[in-house]
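*Asks:* structure of the sequence below:
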Amino acid sequence: MPTHTTRTALASTIAVGLSTLSLAACSAGAPSSAGATSAGTSSTSSPAASTVATTSATTGAATTSPTTSPTTGTTRTPSATSSGPATPTGAPPTSTPGRATGTATVVRTLATGIDVPWGLARLPDGTVLVSARDSFRVYRLDVAAARLGRVGTVPGVVSNVAQQGEAGLLGIAVSPTFTRDHLVYAYYSTAGDNRIAAIPWDPSAPAGRQLRTPRVLVRGIPHNVHHNGGRIAFGPDGYLYATTGEAQQPALAQDKGSLGGKILRMTTAGRPAPGNPFGTLVWSYGHRNVQGIAWDAAGRLWASEFGDHSEDELNLIRPGRNYGWPQTEGRTSRAGITGPVAQWGPPEDSPSGIAIAQGSVWMAALRGQRLWRIPLDGSATAATPQDFLVGRYGRLRSVLAVGPDTLLVTTSNRDGRQSPGAGDDRILLVRVT
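*Replies:* Model (predicted):
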């Protein structure tokens, strides 16, 4: 593959519709002295490490609602309203299995010098919003032109990067009705909690001052130096999903009355979405610190999650399920607990953001400093995962599909875990098969 491409070719790529979007993740692993290398190189896969294990998800008891598919855990594709989706309609879509092997090639570097690019969200015109964790800024990236512009700064955000912490401006999402309401959504940390807010965007205002006062939808999400969660994304059902960490208090993950250690599902007003299994915001529980979420073409929700010292996980999320933390980590036969579809040792992973393209989950690794490809076949893996870009760009955090075979991948070398290289942090354009 060439190391760069023309603006015309990129514009053509961006114009192609997406079947899935996803957002990215948090930091893990001991501090390292490794810096990032320069962009514009291609990669071949290295064999997946022997500690990578894949399996069908272990199933436990689950509660589903009449409006929810027990297979995919998502509602049928609806038409959205200002407060949430309308009655589901249409037949469920299907997904095509991923090929056993694939490739990942860095086409070019699109942007440099960003202070920990954490969240990525695609706008209707094909440009991409980027949230910067420790500067609290939101940028707009013109992918075809490789041009990054300031949108604004989110007020009230508190970072703890000086403590090698994980708080700050985290996930970002775009309203499903953006062309009408011009709302973006943000997950961010304050001094005492994590919050989710809707933020009006005024594109007619001067660059850098286009974000208006946030309207907090959810507050009181548990907060600590580590395990703050932070991924948000709108699902194919039109509802907003959010991942939360257990804030270094493992018992919160099993407490269904707590917002910590969960995947949440809500309306655009921050209320529990219809069909939630417990009548609250909680969609699934027993999580340590979910960092990436994405939906496949059949509407199944996948999530990447930090383990402790044993196993990091890729999970298939179903409503009402218990994913085991802190009682279990990795594969389990314990009754009532759903185990992962794939797992890794933290040194080669510490998973961050995920996206789905070409029938595979593409998962960024922080401590592992690589991009994983996990081919899917329905609710299981189709083949052994492959890893790419190993050690070439340092820590990798966020992944977003911007075309059928094109990803954005961000680095995370300024997050306090290692010494950054020149140009860090950067956004890479990656072609995949």
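*Asks:* quick one, helices of the stretch 101-250 of the chain?
*Replies:* In the stretch 101-250 of the chain, the helices defined using DSSP state H, counting those that start in this stretch lie at 178-181.
*Asks:* quick check: V130 touching I114?
*Replies:* Yes - in this structure, V130 is within contact of I114 by Cβ atoms under 8 Å, at 6.8 Å. Just so you know, the C-beta spots here come from the backbone N, C-alpha and C atoms, and that holds for glycine as well.
*Asks:* mutual contacts of the two, please.
*Replies:* Here V130 and I114 share the contacting residues Y139, L148, T410, I427, scored by Cβ atoms under 8 Å, 6 or more residues apart in numbering.
*Asks:* contacts only, for the last one.
*Replies:* Yep, that's I427 we're talking about. T109, L110, A111, I114, P117, V130, L141, L148, L408, V409, T410.
*Asks:* wait, is R367 part of a helix?
*Replies:* No - counting by DSSP: H, G, I helix; E, B strand; the rest coil, R367 is located in no helix; its state is coil.
*Asks:* quick one: it and L396 touch, right?
*Replies:* No - counting by Cβ under 8 Å, R367 sits too far from L396 to count as a contact (10.2 Å).
*Asks:* which one of these two has more residues nearby?
*Replies:* The neighbour count for R367 versus L396, taken as other Cβ atoms under 10 Å, is higher for L396 (31 against 23).
*Asks:* may I have the beta-bridge partners of that one?
*Replies:* Judged by DSSP bridges, the bridge partners of L396 are T411.
*Asks:* tell me the spacing between it and G353.
*Replies:* Per Cβ to Cβ, to the nearest Å, L396 is found 8 Å from G353.
*Asks:* now A167
*Replies:* 17 Å.
*Asks:* so for the two, which residue has more residues nearby?
*Replies:* G353 (32 against 25).
*Asks:* was I right about the more buried one contacting R397?
*Replies:* Yes - when contacts are counted by Cβ under 8 Å, G353 is listed as touching R397 (6.0 Å).
*Asks:* so who does the residue nearest to L123 when sequence neighbours are not counted touch?
*Replies:* Using Cβ to Cβ, 6 or more residues apart in numbering and skipping the chain neighbours, the partner closest in space to L123 is V174 (5.8 Å). With contact taken as Cβ under 8 Å, 6+ apart, V174 is in contact with A121, R122, L123, P124, L129, V184, Y185, F234.
*Asks:* type out the ChimeraX command that picks the buried ones from those residues.
*Replies:* Listed next is the ChimeraX selection for buried residues among those, using 16 or more other Cβ atoms under 10 Å:
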select :121,122,129,184,185,234
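*Asks:* now P277: which helix or strand?
*Replies:* For P277, there is no host helix or strand (DSSP states H and E).
*Asks:* wait, is T94 part of a helix?
*Replies:* No - assessed with three-state DSSP, T94 is coil; it does not lie in a helix.
*Asks:* ok, it - contacts?
*Replies:* Applying Cβ under 8 Å, 6+ apart, the residues contacting T94 are A297, A298.
*Asks:* gap between it and G359?
*Replies:* Between T94 and G359 the distance is 11 Å, computed by Cβ to Cβ.
*Asks:* now do P404
*Replies:* From P404 to G359 the distance is 10 Å (Cβ to Cβ).
*Asks:* these two: who's more crowded?
*Replies:* Counting neighbours by other Cβ under 10 Å for P404 and for G359 shows that G359 has the greater number, 17 against 13.
*Asks:* wait, isn't that one in contact with A383?
*Replies:* No - using Cβ under 8 Å, G359 is not in contact with A383, being 10.6 Å away.
*Asks:* between the two, which contacts overlap?
*Replies:* Joint contacts of G359 and A383 (Cβ under 8 Å, 6+ apart) are G98, R99, P375.
*Asks:* what about those, which one has the most neighbours?
*Replies:* G98 (23 neighbours).
*Asks:* quick one, what contacts H309?
*Replies:* P346.
*Asks:* hang on, I meant V282
*Replies:* For V282, the contact set (Cβ under 8 Å, 6+ apart) comprises K256, L259, K262, I263, L264, N276.
*Asks:* all strands of the stretch 301-433 of the chain, in order?
*Replies:* 301-305, 312-317, 342-344, 351-357, 360-365, 370-377, 380-381, 386-388, 396-403, 406-411, 427-432 (DSSP state E, counting those that start in this stretch).
*Asks:* I'd like to know which of the ones you listed is closest to G156.
*Replies:* G156 lies closest to strand 396-403 among those, at 22.5 Å (Cβ to Cβ).
*Asks:* mind checking how far that closest one is from the chain centre?
*Replies:* 8 Å (Cα atoms, centre = their mean, to the nearest Å).
*Asks:* poorly predicted segments of the stretch 51-200 of the chain, please.
*Replies:* Along the stretch 51-200 of the chain, the parts satisfying pLDDT under 70 run over 51-92.
*Asks:* can you lay out the shared contacts of G359 and A383 as JSON lines showing distance to R215?
*Replies:* As requested, the shared contacts of G359 and A383 are exported to JSON lines (distance: Cβ to Cβ, whole Å):
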{"residue": "G98", "distance to R215": "40"}
{"residue": "R99", "distance to R215": "44"}
{"residue": "P375", "distance to R215": "41"}
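*Asks:* which among the residues you listed gets closest to G299?
*Replies:* For those, the nearest to G299 is G98 (16.5 Å; Cβ to Cβ).
*Asks:* got a list of what the closest one touches?
*Replies:* The contact partners of G98, taken as Cβ under 8 Å, 6+ apart, are Q358, G359, S360, I374, P375, L376, D377, A382, A383.
*Asks:* ok, 6 Å please
*Replies:* With contact set as Cβ atoms under 6 Å, 6 or more residues apart in numbering, G98 has these partners: G359, S360, P375, L376, A382.
*Asks:* how many neighbouring residues does the fourth one have?
*Replies:* Applying other Cβ under 10 Å, we find 26 residues neighbouring L376.
*Asks:* T338 versus the nearest residue to it once chain neighbours are set aside, what's the distance?
*Replies:* Using Cβ to Cβ, 6+ apart and skipping the chain neighbours, the partner closest in space to L376 is G98 (5.2 Å). Distance, G98 to T338, using Cβ to Cβ: 22 Å.
*Asks:* next one: stretch 179-187 to chain centre, how far?
*Replies:* In terms of Cα atoms, centre = their mean, the centre of stretch 179-187 is set 18 Å apart from its chain centre.
*Asks:* next one: stretch 353-360
*Replies:* Relative to its chain's centre, stretch 353-360 lies at 11 Å (Cα atoms, centre = their mean).
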